[in-house]
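S.K.: Below: sequence and its predicted model.
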Amino acid sequence: MFESIGRGWKMIAASIRMGWQEKRLLLPSFLTVLGNFIFISLLFCQGMLFMHGQPGTSQHIAANSHHLLQHLQPNQLTQIGGLNGIFDQSGWGTEDMDWASGSQAGWLALLIITLWWLTNRFLEGVTTALVYSHLTEGPGSGKFSIACQAVFASLPAIIWLGLATFIARTIARSLRGKQAAGAAVFGFSLSFLASLVQVFWTLASHLILPAIVIEGTSFWGALKRADKMASGNLLTIGFGEVGVDAICTGIFWLVASCGIAGFYYAQTQGILLSPLCLTAACAWIVLVILITAMSIYIRAAFYTCLYVWAIEAEAVTEMERHHIRPPAPLAQALA
């Protein structure tokens with residue numbers, strides 16, 4: 001575990017240096033954070049408009065808030081900024097929300113979530129294309145407009161990826177829904193199997209997207225490429241061997257906890273609206289945006305490095321693969 005965390009820190013430092021060297025690599029990630037806040041605001045406004053026309057609105061909101069606070073566990077807080085969290089590009093962060101309930105408001109919310117997911121994956125694809133150009137052709141070779149064109153050309157395959165993600169998400173929700181009956185498969189709880197489906201598909205989709213964007217393949221072609229890389233041992237290391245996600249999640253949790261603690265302290269001391277607290281709140285918001293954007297960028301850079309390494313390993317025999325040097329950020333992480 002400690003070795004994995006050490007590699008993760010090296011990977012993060014190398015990725016940040018790469019992004020600092022070519023700052024356009026960071027732009028899609030900051031646009032992703034901006035888009036996340038916009039879509040969250042749209043969902044919030046849509047929900048408030050819907051609740052405004054319902055009887056007993058204030059009591060309903062209070063009851064739901066109490067239910068949410070009662071069932072929010074510490075591990076769920078740490079997952080907000082981690083794998084499958086609400087700021088992860090995969091879109092699993094809304095898995096427990098029953099938006100498509102058949103009502104007009106539900107379908108509108110589902111449309112917003114769909115556009116949210118497509119926007120995030122589009123921007124992740126742009127980051128992938130820019131990082132790929134940087135790694136294979138050198139600094140300054142990637143152009144934002146060209147990367148956007150490449151992702152636009154691959155949009156049908158990305159939509160298929162979205163449909164497959166929706167199916168995997170539906171399967172996971174179905175498994176969780178049957179958990180109350182106490183059913184198990186091969187001795188494993190349905191909740192565990194649902195989590196397994198989530199994590200497996202999230203990691204797989206992060207390899208499928210580079211195949212779509214970099215090689216311009218269809219969704220099914222990208223799915224076969226990802227399967228070939230996994231079954232052919234082209235990925236010399238596993239995702240967990242470089243603890244990027246654990247570090248990003250831990251930092252996000254630490255910053256979020258400091259913000260919540262500071263808020264409660266200022267509230268109890270009656271200084272919530274003081275100039276010092278307002279300045280600290282603005283600084284905290286900027287820090288959250290920075291950390292979230294960097295986490296998104298670092299994850300995309302990590303998966304792109306893995307994919308580039310797998311492509312190079314595929315071009316040689318299995319005996320020669322240990323001579324293939326990983327892309328620079330990953331090589332520094334494994335040094």
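M.R.: All right, it came through fine. Numbers count the residues shown, from 1 in each chain.
S.K.: May I ask which helix or strand of the protein has the lowest mean pLDDT?
M.R.: Using mean pLDDT, DSSP states H and E, helix 74-79 stands out as the lowest-scoring helix or strand of the chain, at a mean of 45.
S.K.: which strands and helices sit next to the helix or strand just after that helix?
M.R.: Using DSSP states H and E, the helix or strand that follows helix 74-79 in sequence is helix 104-137. On a contact count with 3 or more CB pairs under 8 Å, 6 or more residues apart in numbering; DSSP states H and E, helix 104-137 meets helix 27-52, helix 144-153, helix 155-177, helix 190-215, helix 275-314. Any C-beta I mention is one placed from the backbone N, CA and C, and that applies to glycine too.
S.K.: Check which residues of helix 104-137 are buried.
M.R.: Going by neighbour count (16 or more other CB atoms under 10 Å), the buried part of helix 104-137 is 105, 108-110, 112-113, 116-135.
S.K.: so the helix or strand where residue 262 lies versus helix 275-314, what angle?
M.R.: Residue 262 belongs to helix 244-269 when elements are defined using DSSP H and E. For helix 244-269 against helix 275-314, the angle by axes from the mean of the first three to the mean of the last three CA atoms, to 10 degrees is 170 degrees.
S.K.: could you give me the average pLDDT of helix 244-269?
M.R.: For helix 244-269, mean pLDDT is 87.
S.K.: Now do the buried residues in it.
M.R.: Those would be 244-253, 255-256, 259, 266, for helix 244-269 by 16+ other CB under 10 Å.
S.K.: And for stretch 217-232?
M.R.: 217, 219, 222, 223, 225, 226, 229.
S.K.: So what touches it?
M.R.: Applying CB atoms under 8 Å, 6 or more residues apart in numbering, the external contacts of stretch 217-232 come out as 156-158, 160-161, 164, 204, 207-209, 211-212, 215, 234-235, 307, 310, 314.
S.K.: Now residue 118: closest residue in space that isn't a chain neighbour?
M.R.: Nearest non-adjacent residue to residue 118, counting by CB to CB, 6 or more residues apart in numbering: residue 162, 6.4 Å away.
S.K.: who wins for proximity to residue 3 among the helices and strands packed on helix 104-137?
M.R.: helix 275-314 (16.4 Å; CB to CB).
S.K.: tell me which residues in the closest one are buried?
M.R.: 277, 281, 284, 288, 291-313.
S.K.: from the chain's centre, how far out does it sit?
M.R.: Distance, stretch centre to chain centre, for helix 275-314: 10 Å (CA atoms, centre = their mean, to the nearest Å).
S.K.: report the angle between the axes of that helix and helix 104-137?
M.R.: 60 degrees.
S.K.: Identify the residues contacting whatever helix or strand comes next after helix 275-314?
M.R.: Counting by DSSP H and E, the element after helix 275-314 in chain order, helix or strand, is helix 328-334. Here helix 328-334 makes contact (CB under 8 Å, 6+ apart) with 7-8, 10-11, 13-15, 18, 135, 237, 242, 301-302, 305-306, 309, 325-326.
S.K.: With residue 35 as the reference, measure out to the nearest residue to residue 160 once chain neighbours are set aside.
M.R.: Distance criterion CB to CB, 6+ apart; nearest residue to residue 160, sequence neighbours excluded, is residue 219 at 3.5 Å. The spacing between residue 219 and residue 35, counted by CB to CB, to the nearest Å, is 23 Å.
S.K.: Residue 327: how many residues sit nearby?
M.R.: Close neighbours of residue 327, defined as other CB atoms under 10 Å, add up to 22.
S.K.: for residue 159, same thing?
M.R.: 14.
S.K.: just checking, it touches residue 121?
M.R.: No. Contact criterion CB atoms under 8 Å: residue 159 and residue 121 do not qualify, at 9.3 Å.
S.K.: Quick check: the gap between the residue nearest to residue 160 and residue 225.
M.R.: For residue 219 relative to residue 225 (CB to CB), the value is 11 Å.
S.K.: swap in residue 162?
M.R.: With CB to CB as the criterion, residue 162 and residue 225 are 18 Å apart.
S.K.: and what of residue 299?
M.R.: 20 Å.
S.K.: next one: residue 320
M.R.: 21 Å.
S.K.: Repeat that for residue 166.
M.R.: 21 Å.
S.K.: Ok, residue 266 next?
M.R.: From residue 266 to residue 225 the distance is 52 Å (CB to CB).
S.K.: now residue 270
M.R.: Counting by CB to CB - residue 270 and residue 225 are separated by 59 Å.
S.K.: Repeat that for residue 284.
M.R.: Taking CB to CB, one finds residue 284 at 42 Å from residue 225.
S.K.: do the same with residue 264
M.R.: 49 Å.
S.K.: Assess the claim that residue 309 and residue 322 are in contact.
M.R.: No. Using CB under 8 Å as the test, residue 309 is too far from residue 322 to be in contact (12.0 Å).
S.K.: Distance to residue 174 for the buried residues of helix 244-269 - can I get that in JSON lines?
M.R.: As requested, the buried residues of helix 244-269 are arranged in JSON lines below (distance: CB to CB, whole Å):
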{"residue": "244", "distance to residue 174": "31"}
{"residue": "245", "distance to residue 174": "26"}
{"residue": "246", "distance to residue 174": "29"}
{"residue": "247", "distance to residue 174": "33"}
{"residue": "248", "distance to residue 174": "30"}
{"residue": "249", "distance to residue 174": "27"}
{"residue": "250", "distance to residue 174": "31"}
{"residue": "251", "distance to residue 174": "34"}
{"residue": "252", "distance to residue 174": "29"}
{"residue": "253", "distance to residue 174": "30"}
{"residue": "255", "distance to residue 174": "35"}
{"residue": "256", "distance to residue 174": "31"}
{"residue": "259", "distance to residue 174": "36"}
{"residue": "266", "distance to residue 174": "44"}
